[in-house]
Structure formats: C-alpha cells, structure tokens
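Novice: The sequence and its predicted three-dimensional model are supplied below.
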Amino acid sequence: MESMISITVEVDGTSVDVPEGTSLLTAVRTAGIELPALCSDDRLSPAGSCRTCLVRADGKIAASCVTPAVSGTRVEAAADDLRQLRRDAVEVIVSALPPRALADDNPSELAHVCRSLGIGPESAQGAGGRGGDDSHPYVHLDRDLCIACGRCVRMCAEVQGTFALTLVGRGADTVVAPGTGGPWAESDCVACGGCVDTCPTGAITEPGPARGLTSGIRPAAAVTRTTCGYCGVGC
Ligand code: FES
C-alpha cells in the first residue's frame with residue numbers, strides 16, 4: 001500500500017511532493033519529465049537492468065527506477081549529458097535488434113522511446129534469426145525482438161503467480177523462454193496475457209495477422225487490454 005507520508009525532492013530545481021517510498025523515476029515523472037524506462041513497469045518490482053532511466057541524484061549517476069526518493073534529494077534529469085547517457089543506453093539495446101523493431105508503424109514502447117530520442121531503424125543492426133514460438137494459441141514469441149528486460153517474467157510471477165517464464169542464455173543472447181524448457185504450448189502458461197501487456201518491444205504478442213501493419217509486427221498492449229488489464233479471457 002502506498003505511503004500516506006509525503007516527502008519533497010528537488011527535480012531540476014523544482015520541488016516535487018511524492019509519497020514516501022516511491023522511486024526517483026516516479027518523482028521525475030511527477031515533475032513532468034519523461035524518461036525512458038524499458039525494464040520498468042509500475043505494477044512490478046524494479047529490476048534496474050536496462051540503465052535507460054539514468055539521472056543524477058545528489059551528484060551521483062543513478063538508475064532512477066531502483067533508487068528510492070529520499071526527502072531533500074536533489075535530482076537532475078534533463079541535463080544534456082544525462083540525455084546522452086540515456087540515449088546511449090537505448091542505442092546499445094537497439095543495436096542487437098533487427099531494423100523492423102523500429103519500423104515506422106511499430107507501436108511498441110521501445111519504438112516510441114526511440115522516436116522520441118531520434119533513434120532510427122538504422123541503429124538496429126541485429127541480424128535476427130533467433131526464431132519464434134508459435135506453438136501456443138494465444139501467445140506468440142518473436143525472440144529477435146526480446147531485449148531480456150524481464151518484465152514478462154516478473155509479470156508472470158509477481159502478478160499472475162504462475163512462474164511460467166524465465167530468461168535463458170547469456171549476454172546479448174539472453175531471451176525469455178518457458179520455464180519448462182519446451183514449447184510455449186507445453187509450459188505452465190495460463191494465457192492471462194500479462195506478458196503480452198507488459199512487453200515493451202512486441203516480442204510477445206497475440207498471434208494473428210499483422211493487422212494492416214507493413215512491417216508485419218503485431219501491436220502488443222493495444223490488442224490485449226481487457227477489463228482487468230491483462231486477462232486473456234477478454235471480458
Ligand atoms: Fe531503470 Fe531499466 S528502467 S534500469
């Protein structure tokens with residue numbers, strides 16, 4: 001439960017009141033400054049793995065999503081060097097993806113972030129070829145678009161309580177996979193749709209035609225929002 005105690009931090013010279021226990025990412029966004037945060041989802045515990053949300057807190061570079069807001073902290077977010085650090089972090093992630101990850105009609109969170117930072121498909125240099133998993137009737141995995149942010153794994157475990165997913169591989173070859181090791185259709189997945197909802201790249205989507213997109217990339221969250229937010233029943 002969110003704390004009722006309010007604390008004040010300074011974000012780029014402006015005082016911002018936030019509930020005690022919230023992150024610097026929340027404080028910066030409360031101040032009206034948007035940061036990329038590719039491994040973060042407000043519904044999940046923070047991972048701090050992608051480094052796209054860097055700010056300066058009391059003079060030190062910090063991943064804002066995993067740094068608690070403490071009363072009196074002076075946060076810098078909009079400085080040019082910080083924008084460049086965040087852009088560099090996004091570019092490193094994008095460099096391993098195929099260009100279609102940033103196609104003009106790609107509606108993913110990653111593509112949106114890249115457009116806002118002026119990162120184009122030419123930065124996506126990945127060769128692809130890691131294949132996919134079409135075995136499940138309600139979930140499709142495109143491994144070439146996975147950035148190993150772990151949001152799907154945490155959604156499955158922390159919100160759904162199913163623990164059906166894990167990350168496998170090392171370094172740039174790390175991708176999400178069913179924890180049982182076989183095809184998705186034979187995993188413990190209950191088709192809640194939570195992984196589809198939180199995936200920031202379109203690596204996990206609903207199966208189906210490309211819905212008019214020239215890139216062939218299916219919209220992720222746009223096609224799975226349901227009454228409760230992530231139930232695959234679709235009520
Ligand atoms: Fe903060 Fe990924 S969103 S490190």
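Specialist: Received the coordinates, thanks. Residues are numbered from 1 along each chain as shown.
Novice: so what's the spatially most central residue of the chain up against?
Specialist: Geometric centre of the chain, nearest residue: L38, 3.5 Å, by Cα atoms, centre = their mean. Neighbouring residues of L38 by Cβ atoms under 8 Å, 6 or more residues apart in numbering: 50, 52, 90, 93, 109-110, 113, 147, 149, 200. Bear in mind the C-beta positions are built from the backbone N, C-alpha and C, glycine included.
Novice: Span of stretch 103-123 from start to end?
Specialist: End-to-end distance for stretch 103-123: 11 Å, by Cα to Cα, to the nearest Å.
Novice: List the buried residues in it.
Specialist: By neighbour count on 16 or more other Cβ atoms under 10 Å, the buried set for stretch 103-123 is 103, 106-111, 113-114, 117, 119, 121, 123.
Novice: Return the distance of that stretch from the chain's centre.
Specialist: 14 Å (Cα atoms, centre = their mean, to the nearest Å).
Novice: Can you give me the neighbour number for the closest residue to A172 other than its chain neighbours?
Specialist: Spatial nearest neighbour of A172, chain neighbours left out: A96 (5.1 Å); criterion: Cβ to Cβ, 6 or more residues apart in numbering. A96 is flanked by 19 other residues according to other Cβ atoms under 10 Å.
Novice: can you check A191 too?
Specialist: For A191, using other Cβ under 10 Å, the count is 17.
Novice: got it, and P68?
Specialist: Residue neighbour count, defined by other Cβ under 10 Å, stands at 15 for P68.
Novice: ok, now P183?
Specialist: The number of residues packed near P183 is 14, by other Cβ under 10 Å.
Novice: cool, G32 as well?
Specialist: Counted by other Cβ under 10 Å, the residues lying close to G32 total 10.
Novice: now swap in the one 10 residues further on and tell me
Specialist: Neighbourhood size, D42 [other Cβ under 10 Å]: 12.
Novice: Could you do F163 as well?
Specialist: F163 - counted by other Cβ under 10 Å - has 12 other residues nearby.
Novice: Local confidence estimate at it?
Specialist: pLDDT, F163: 96.
Novice: Over to it. Which of the three states is it?
Specialist: When classified by DSSP: H, G, I helix; E, B strand; the rest coil, F163 comes out as coil.
Novice: all strands of this structure, in order?
Specialist: For the chain, the strands defined by DSSP state E occupy 6-11, 14-19, 54-57, 60-63, 74-76, 132-133, 140-142, 165-168, 175-178, 204-205.
Novice: Quick one: list the elements packing against the third one.
Specialist: Taking 3 or more Cβ pairs under 8 Å, 6 or more residues apart in numbering; DSSP states H and E as contact, the helices and strands that strand 54-57 lies on are helix 24-30, strand 60-63, strand 74-76, helix 80-95.
Novice: ok, and does the longest one reach over to the ligand?
Specialist: No - legend: contact between helix 80-95 and the ligand by Cβ under 6 Å from any ligand atom is lacking; minimum distance shown is 8.2 Å.
Novice: one step back: what about the strands of the chain, which gets the closest to R154?
Specialist: Closest to R154 of the strands of the chain, according to Cβ to Cβ: strand 165-168, at 9.0 Å.
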